[in-house]
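Undergrad: model the following, please.
(chains A and B)
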Amino acid sequence: MEPFLLLLILALPFIGSLAVVLSPGGSREPATWITGLTMLACLILAVSLYPSVSTTDAVRLQAEWLPSLGLNFTLRMDGFAWIFALLVSGVGLLVVIYARYYISAEDPVRRFYMFFLAFTGSMLGVVLSGNLILLVVFWELTSIFSFLLIGYWHHTQAARDGARMAMTITGMGGLALLGGVLILGHIVGSYDLDAVLRSGNLIRSHELYVPALVLILLGTLTKSAQFPFHFWLPNAMAAPTPVSAFLHSATMVKAGVFLMARLWPVLSGTPEWFMILGIAGMASFVLGAYLAMFQHDLKGLLAYSTISHLGLITLLLSLGSPLAAVAAIFHMLNHATFKASLFMAAGIIDHETGTRDLRKLSGLFRYMPITATLAMVASAAMAGVPLLNGFLSKEMFFAEAVETHADSWLDTAAPYAAVLGSALAVTYSLRLIHSIFLGAPPQDLPREPHEPPFWMRFPVMFLVIACLVIGIIPALTIGPFLHVAVASVLGDATPQYSLAIWHGFNLPLAMSVVALAGGALLYLCAGAYLARSERPLLLGRIQGQRIFERVMVAISWRWAHLIEDVFGTRRLQPQMRLVIAAAVAAGTVPLLASGLTFGTFGNGATDFAFTGLWSVGMICAVAAAYQAKFHRLAALALLGATGLVTCVTFVWLSAPDLAATQLVVEIVTTVLILLGLRWLPKRSQDVAEPGGWMPRLRRFRDLAIAIVAGLGMTAISYAVMTRAPPETIANFFVEKAYAEGGGRNVVNVILVDFRGFDTLGEITVLGIVALTVFALLRRFRPAPDSIERPEQQRVQRSTEEAEPEVEAGATKAEYLYVPSVIMQWMFPVVIVLAAYLFLRGHDAPGGGFAAGVAMAAGFILQYMAGGTVWVEDRLRILPVAWIGGGLLLAAFTGTASILLGDPFLTSYFRYVEVPFVGKVPMASAALFDLGVFSLVVGATVLMLIAIAHQSIRRLRVAARLEEERQRWN
Amino acid sequence: MELTLAIAIGVLTGSGVWLVLRPRTYQLVIGLSLLSYAVNLFIFSMGRLRVGAAPVLDGASAANPADYADPLPQALVLTAIVIGFATTALLLVVLLVARGLTRNDHVDGRESS
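TA: Numbers count the residues shown, from 1 in each chain, chains lettered A, B, ... in the order given. You can find the predicted model right below:
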C-alpha cells in the first residue's frame, strides 16, 4: 500500500498539470481548484505516510526501468525526504491559495498552474528519487520548469533574461551533476541511493573522489545560487511573486542544499569538501547579506538574503560535524517558513501599492496593520531574534562556528564571519521593516494601499504563526519530525542535541547579542546612506550578470561566427572536394595499413576484342569529361557511347538482365538530358574565361584528385577481381531459386522474391523521386534568355515567312516525317516487346524493371514523333495513377501473405496447365513484379513528360505576354 | 580481362570525379552519370568475371552454383541502374530550376569572383 501511495504522491502533480491543460479556459477557477486540490492531496498523502516513515527505515518502491543498464525506477521516502515532501506540498498549497488572489484574470492562468504543478512534481521527484540517475532527471526537470515559471511574463525583457540566465546556470550545473553522479555510480557500481549511502569509505578513498565531488558540488552550488554562481537568483525575481515564494524559498534553491545533505554521509569530512563548501558558503553568507543591505527592490533584498541564508546552510554542511548537519537541516526548514511568508508579504505590498521600491514605500503600518505585523515578525525571524525559529538555528550555527573542526584559516575565520553575516542580516531586516512600515505616510504611490483579502493574507499568517510556535516551543512541535529527518540522514552518527531556547549564558548567546546590537547600530548609523546609495559600496562595479552576458555573447555569437567563417562554406566545389578527399582517404588508409597485393585468380587470357571495346569506352569517357563544358551535345553522345560499352560488357560477362536494363535506361537518360539541354544557357568557347594561374592551379589540383581516385579504384577492383571469391550467400540463391522461388532467372527471383522488401523500398524511392521532379517543375520559371524560341525554330519560321506560298508551321509538321511515321508504327511493337520482357522475366532475362523502362521509352517515342500536343490529344497516360497503382499492387501482394499467416512478402507459386501452352509456373511474385513494372513506367514517363511539357508552357506564357502587349499598344 | 575492366573502372571514376569538381551544372550531371557507370561496374565485378555463365538455370534439376555467375551483385546493380536514372533526373531538374531562379548555371548559383 505504502509504495503505491509513494508513486501517487509523485504522479498526482503531473496528472494535475495535464488536467489543468484540459480544463476549460475563460475562468481561472477550475485551474486554481485543480491545483489546490492536487496540492492538498499530496499533503494528505505525505502526512499519511508519516507513521511508516517514522517507524521503519524508509518506504520504497522499485520497478525495472532499464534493467540492461542496471537502472531501476526507485522511489524512496525516509524521514529527510518526508519532511521535504511535506514542505513542498504544504508551502505549495499555501502559495496556490495566495496565487488565487495574486494572478490577475488577464494573465494566462492555466499556463501558470500547469507549470506550477509540473514543477511541484519534478521537485517531489528530486526529493523522493531512490536512484541517482532518476534524481538527475527530475533535477533537470526542475530547471526546465523553473525556466518556464520565471519567464511566465515573457512579454517583458527582464523575465526573458532572468529565465534564460537561470536556465543556463542551473542547466550547466545539472550537466556537471550528471557527470559527477556517473562517476559516483562507477565508483560504487550502482546508482541506487541506498547502495551509494552504504559506501562512504569506498567513495572517499577512491582516486576519482575529487572529480566526482567537484562535479556534484558544481551542480548543487549553481542550483542553490551559491557564490560565485549566485547572480542568477536576483535576476530570477522577474518571476511572479508566488513563483518566487515557492521556488526561491522552499523548493528550487533548496534542491542544492537538499542533495548536499543527502550525500553528506558519503562525501563530507574530507579537506576538499571542507574547503570548497566552506569558501562558497562563507562568501555567499557574508556577501549575500552585504549586498542585500543595498537593494532598493524589496524582492531583490529578499533574493540576496536567500543567497545569504543558503550560504549559512552550505557553511554548516561544510563543517562535517553531525551537529552542524542537524543545524543545517533545521535551518532549511526555518528559512523556508519565514522566507516564503516574506515573499508573499512582498507580493501583497506590491499588489496593493503598485511598487516594490523601498525608497518609495513608507509608513504602510497605518494602512495594513495586520500584514505589516506579520511581515515584521517574519523579518525578525530572518534576523534571528529570540522566540522565533530563525533564532534557534542561528544559535546552533554560532555554537558550531566556534568549534574547531579542521584546523585551518577558514575554520578560524568562521566565528567572525558568522557574527558579521548575522549582524548584516539584522541590518537589512531592520531596513526592510523601517523603510516600508514605519515613518511618514507614503507619497505618490501608484495605488492607495489597503489590507488584502483575508485568504490572500492567510498563507502569510499561517507561516508566521509557525515561525512563532516553533520558536517558542520547538521541542513539542518540530522536535520529533526533525529527529526523524536527522536520524535518516545521519543514521548511527545522530548526535545528542537540544532544541531549547535557553542554554544558559554561553558564547553563542554572546555572539547573538553582539550580532543583534551590531546590526542595529549599523542601521542607525548607515540607514540613511543605504536608502540613497546608487550601488553597493566597493562591490558595486563587479556584476556577475554583466560577466555572464559577455560570456554568452562571446560563446553563442562571436565564436560561433568565427567557427562558421573558418570551417563553413556555401560553395559546392570545396564541399565536393572534401567529400571525395575523405572517400579517397577512407579507401587508402586501410590499404596502407594492410598492404596492397594482387592475386592470381582470373579469367585467363586477355581478350583483345574486349580490350578494344574498352579502349573506345575509355576514350569516350575522357572525351565526355573534356567536352562537357562547351560541347554539351557531343558530351552527351560520348556519355551514351560509354553507356553502350558498359551494356556490352554486361552481355559479355554473363549479366543479360543488366544489359537489357542498361540499354533501355541508356535510351531514356539520353532523351531526358536532351530535353533538359534546351534550358541551359548558351556557352561559347569564344567568351574569355577568367585566366591567370590561380584557376589553372585549381584545375591541376582537381585533376590530381581525379587521377588519384581513378588509380585507387583500379587498384582496388583489380585486387578483388584477382582473388578467388569467398563462400558467399549467392550459393543459397542459386540453389533455392527454382526449388523455392519457382523461377529460373536467379537475378529476377532475388529481386521479386528473396529480397522483395528491398525492391519494395527501391520502387518507393523511385516513385518519390518522380513526384518530386513533377512538383519541382510545376512552378518552373525558366531564365529569361531561355524563354525565347530556340534558334532552329526561329530559322524555320523566318524561312516560312520569307516564302509566301508556305504556310506557317508547315516545315515543323513535316520535320523528320519518315522517322516519325516509323516511330508511330513501332508503338504496338514496343508494347509487345515490353510485355515480352515482363512475362519471360521470371525464367529468362527480362523482368519488371527492364520492361517498365522499355514501355516508358515507347510512350516517349510517341512524344518525339508527334509532339506533345498531338500525343496528348490522343492518349491519356496518367503516370501518377501508374505509380500509385504499382505501389499498391506490390504492397498488396506482400500483405496478402500476412492474411495467410506468413511474414510480409512471402511468395507462392504453383504450376498451372494453360491450354496450347502447357505447364506454366504461376508465382505470386509475378504480381509483385507487375507492380514494379507499373511503377517504373509511371515514374519514368512522369519525369520525362514533366520536362517535355515545359516547352508548351513556355509558349503559353509567351502567348499571354504577347496578348497583353498588343492590348496596351 | 580483369586488368582491362579494372583500368576502365579507374578511367570512368577519374573522368567522373574531374567533372564533379567542375563549376558548371551540366558537367555535374555528366560527371555523376560517369561515376555511376564506374560504381555499377565496380559492384558488378565484385562477383568476379564469368563468360558464358549467365545465372539463368537450365532446368528443374538441382543447380550447381559453381556453374553460374554470382547473381547477387547483378541484382544489386540492376536496381542501382534504375535508381541512378531517377537521381540523374532529379539532379537535372533541381539544376534547371536553380538555373531559372539564379539566372546562371554555376553550381553555387552565382559566378565565382
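Undergrad: report pLDDT for the most centrally placed residue in chain B.
TA: The centroid of chain B falls nearest to B:Ser36 when counting by C-alpha atoms, centre = their mean (1.7 Å). You'll see B:Ser36 listed with a pLDDT of 94.
Undergrad: phi, psi for it please.
TA: Dihedral pair for B:Ser36: phi -70, psi -30, per degrees, to the nearest 10.
Undergrad: go on, B:Val56?
TA: Torsion angles, degrees, to the nearest 10, at B:Val56: phi -120, psi 120.
Undergrad: now residue 58. Nearest residue, chain neighbours left out?
TA: All of this refers to chain A. Nearest non-adjacent residue to A:Ala58, counting by C-beta to C-beta, 6 or more residues apart in numbering or on different chains: A:Asp78, 3.8 Å away. Just so you know, the C-beta spots here come from the backbone N, C-alpha and C atoms, and that holds for glycine as well.
Undergrad: that was the other one, I meant chain B.
TA: Nearest to B:Asp58 is A:Arg744, by C-beta to C-beta, 6+ apart, at 7.8 Å.
Undergrad: what about residue 111, how many residues close to it?
TA: Because you didn't say which chain, this covers chain A. Neighbour count for A:Arg111, taken as other C-beta atoms under 10 Å in any protein chain shown: 15.
Undergrad: if you could check chain B rather than the one you did, that'd help
TA: B:Glu111 has 11 nearby residues by other C-beta under 10 Å.
Undergrad: that's a helix at it, yeah?
TA: No: B:Glu111 is assigned coil when assessed by DSSP: H, G, I helix; E, B strand; the rest coil, not a helix.
Undergrad: which residues are in contact with it?
TA: Counting by C-beta atoms under 8 Å, 6 or more residues apart in numbering or on different chains, B:Glu111 makes contact with B:Asn104.
Undergrad: next one: it from B:Thr102, what distance?
TA: The gap separating B:Glu111 from B:Thr102 is 10 Å, by C-beta to C-beta, to the nearest Å.
Undergrad: residues contacting residue 102?
TA: No chain specified, so I'll use chain A. A:Pro240, A:Thr241, A:Pro242, A:Gly347, A:His351, A:Met456.
Undergrad: let's do chain B instead
TA: Residues in contact with B:Thr102 (C-beta under 8 Å, 6+ apart) are B:Gly109, B:Arg110.
Undergrad: report pLDDT for it.
TA: For B:Thr102, the predicted pLDDT is 81.
Undergrad: before we move on, back to that, quick one: contacts for the residue nearest to A:Ala58?
TA: Counting by C-beta under 8 Å, 6+ apart, A:Asp78 has contacts A:Val53, A:Asp57, A:Ala58, A:Val59, A:Ser488.
Undergrad: so the last one makes contact with A:Phe80?
TA: Yes: A contact is recorded between A:Ser488 and A:Phe80 when judged using C-beta atoms under 8 Å, the distance being 4.8 Å.
Undergrad: what about the closest residue to B:Asp67 other than its chain neighbours, which SS state?
TA: What sits nearest to B:Asp67 in space, not counting adjacent residues and going by C-beta to C-beta, 6+ apart, is B:Ala53, at 6.4 Å. Going by three-state DSSP, the secondary structure assigned to B:Ala53 is coil.
Undergrad: what is the neighbour count of B:Ala53?
TA: 15.
Undergrad: quick check on it: phi, psi?
TA: Per degrees, to the nearest 10, the backbone of B:Ala53 is at phi -140, psi 50.
Undergrad: contacting residues for the spatially closest residue to the residue nearest to the centre of chain B that is not a sequence neighbour?
TA: Leaving out its chain neighbours, the residue that sits closest to B:Ser36 by C-beta to C-beta, 6+ apart is B:Gly84, at 4.4 Å. By C-beta under 8 Å, 6+ apart, the residues touching B:Gly84 are A:Val665, B:Ser33, B:Ser36, B:Asn40.
Undergrad: is chain B within reach of the host helix or strand of A:Val584?
TA: Per DSSP states H and E, A:Val584 falls inside helix A:572-594. Yes: Helix A:572-594 lies within reach of chain B by C-beta under 8 Å from any C-beta of the partner chain, at A:Leu572, A:Gln573, A:Met576, A:Arg577, A:Ile580.
Undergrad: for the contacts of B:Gly84, give me TSV that also has distance to A:His248.
TA: Listed next are the contacts of B:Gly84 as TSV, based on distance: C-beta to C-beta, whole Å:
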residue	distance to A:His248
A:Val665	70
B:Ser33	67
B:Ser36	64
B:Asn40	67
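Undergrad: make TSV out of those and add secondary structure and distance to A:Leu639.
TA: Listed next are the contacts of B:Gly84 as TSV, based on DSSP: H, G, I helix; E, B strand; the rest coil; distance: C-beta to C-beta, whole Å:
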residue	secondary structure	distance to A:Leu639
A:Val665	helix	13
B:Ser33	helix	6
B:Ser36	helix	11
B:Asn40	helix	14
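Undergrad: which one of the residues you listed sits closest to A:Val464?
TA: Set against A:Val464, the nearest of those by C-beta to C-beta is B:Ser36 (81.0 Å).
Undergrad: what stretches of chain B score poorly on pLDDT?
TA: B:59-63, B:112-113 (pLDDT under 70).
Undergrad: in it, which helix is the longest?
TA: Criterion DSSP state H: the longest helix present in chain B is helix B:71-102.
Undergrad: buried residues in that one?
TA: For helix B:71-102, a neighbour-count test (16 or more other C-beta atoms under 10 Å in any protein chain shown) marks B:71-93, B:95-100 as buried.
Undergrad: ok, back up a step: got the contact list for the residue nearest to the centre of chain B?
TA: Applying C-beta under 8 Å, 6+ apart, the residues near B:Ser36 are B:Gly16, B:Ala80, B:Gly84, B:Thr88.
Undergrad: the last one reaches A:Leu672, doesn't it?
TA: By that I understand B:Thr88. Yes: if you go by C-beta under 8 Å, B:Thr88 and A:Leu672 touch, sitting 7.2 Å apart.
Undergrad: check which helices and strands the helix or strand harbouring A:Phe274 is in contact with.
TA: Using DSSP H and E, A:Phe274 sits within helix A:271-293. Applying 3 or more C-beta pairs under 8 Å, 6 or more residues apart in numbering or on different chains; DSSP states H and E, one finds that helix A:271-293 makes contact with helix A:209-223, helix A:298-318, helix A:409-437.
Undergrad: that concludes my questions; thank you for your assistance.
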